[in-house]
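J.: Task: produce atomic coordinates for the following.
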Amino acid sequence: MFYKHFTTFNLLTLLPAITLAGSLDSPAPPGDPASGTHPQSDICKVKGETNLRPENIRAGITIFGITGTFTGTTSSTLPPSSSAPTPRYTDNEDGTITDNQSGLIWLKNANCYGEQNWETAMQSAAHLASRQCGLSDKSKAGMWRLPTKEEWEAMVDKSIPYPGPMISNAAGTGKWTEGDAFLGVSSWYWSSSTRAGGAASAWDVYLSSGYMHNASKTSTSYVWPVRGGL
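T.: Numbering: from 1, shown residues only. A predicted model of the protein is given here:
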């Protein structure tokens, strides 16, 4: 078994977005039980990591002798659950689902393409059009794309108990189940976002935990096209 996506650097890119006190003592969630891949057991192995710098740690928190200086806000655009609209998702009866929180329109079939590398996934999303993947929305090629990292962060519902998928049902009152509102939701999904300075890698989301990871573009993840934008 190998670590397909996760490294300690992935954790460190998330450090500004969380309050770190006590967070490194929590056990990491296991890998995807369905596939037996993507274990994340090294999430706490940060000692000696060269990227453990003050700017990556919340101000006032000290880890292994390094005191944080970060005072910014998180990158997630997900508002508090109390402000989430009702219903969260609307089935448009044309193969699309509208996210009433973000305004994004998602393909209802979350598993039309299977697993693909990043370049192929980008092309698949860009070429999607009506009469494909259950669509009857009159959309044309070029209207669909992969979600950005920020759009995935807005999609994820961290109030859903682990393991996910950490996506709510259509009403926004509980955990997603098949057909409510999406079909075929899986585990790892590509985003269109690449890591700064990392042309060989892109962000993907592990829906079982709701966290973003950095992955080689030659590895494979699922493809879930979206249109509109935040």
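
J.: Break down this structure into its strands, ranges please.
T.: For the chain, the strands defined by DSSP state E cover 62-63, 66-67, 89-91, 96-99, 105-107, 115-116, 188-195, 198-206, 211-216, 221-222, 226-227.

J.: what are the pairing partners of the fourth one, and which direction each?
T.: Looking at strand 96-99 with DSSP bridges, its partner strands are strand 89-91 (antiparallel), strand 105-107 (antiparallel).

J.: contacting residues around the last one?
T.: Right, strand 105-107. Strand 105-107 has contacts (CB atoms under 8 Å, 6 or more residues apart in numbering) with 92, 95-99, 128, 133, 135, 144, 182, 224-228. The C-beta positions use only the backbone N, C-alpha and C, and glycine is treated the same way.

J.: pLDDT averaged over that strand - what is it?
T.: Strand 105-107 carries an average pLDDT of 98.

J.: what bits of this protein have low per-residue confidence?
T.: 1-60, 62-64, 68, 70-84, 198, 229-230 (pLDDT under 70).

J.: Let's see that with 90 instead.
T.: In the predicted model, the chain carries pLDDT under 90 at residues 1-86, 161-164, 195-199, 229-230.

J.: Walking through it, point out its helices one by one.
T.: 8-14, 118-127, 149-155 (DSSP state H).

J.: could I get the ones you listed as a markdown table with distance to residue 109 and mean neighbour count?
T.: Output for these, formatted as a markdown table (distance: least, CB to CB, whole Å; neighbours: other CB atoms under 10 Å):
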| stretch | distance to residue 109 | mean neighbour count |
| --- | --- | --- |
| helix 8-14 | 28 | 18 |
| helix 118-127 | 12 | 18 |
| helix 149-155 | 16 | 22 |
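
J.: could I get these as CSV with distance to residue 214?
T.: Output for the helices of the chain, formatted as CSV (distance: least, CB to CB, whole Å):
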stretch, distance to residue 214
helix 8-14, 5
helix 118-127, 11
helix 149-155, 10
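
J.: quick one: which of these is nearest residue 85?
T.: Using CB to CB as the measure, helix 149-155 is the one of the helices of the chain that comes nearest residue 85, at 12.6 Å.

J.: Which elements pack onto that closest one?
T.: With contacts taken as 3 or more CB pairs under 8 Å, 6 or more residues apart in numbering; DSSP states H and E, helix 149-155 sits against strand 188-195, strand 198-206, strand 211-216.

J.: got the contact list for the closest residue to residue 186 other than its chain neighbours?
T.: If the residues on either side of it in the chain are set aside, residue 186 comes closest to residue 222, at 4.9 Å by CB to CB, 6 or more residues apart in numbering. Contact analysis of residue 222 by CB under 8 Å, 6+ apart lists 110, 111, 113, 114, 115, 116, 186, 187, 188, 189, 190.

J.: Now render the helices and strands packed on helix 149-155 as JSON lines, adding distance to residue 169 and mean neighbour count.
T.: Output for the helices and strands packed on helix 149-155, formatted as JSON lines (distance: least, CB to CB, whole Å; neighbours: other CB under 10 Å):
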{"stretch": "strand 188-195", "distance to residue 169": "18", "mean neighbour count": "21"}
{"stretch": "strand 198-206", "distance to residue 169": "19", "mean neighbour count": "20"}
{"stretch": "strand 211-216", "distance to residue 169": "21", "mean neighbour count": "22"}
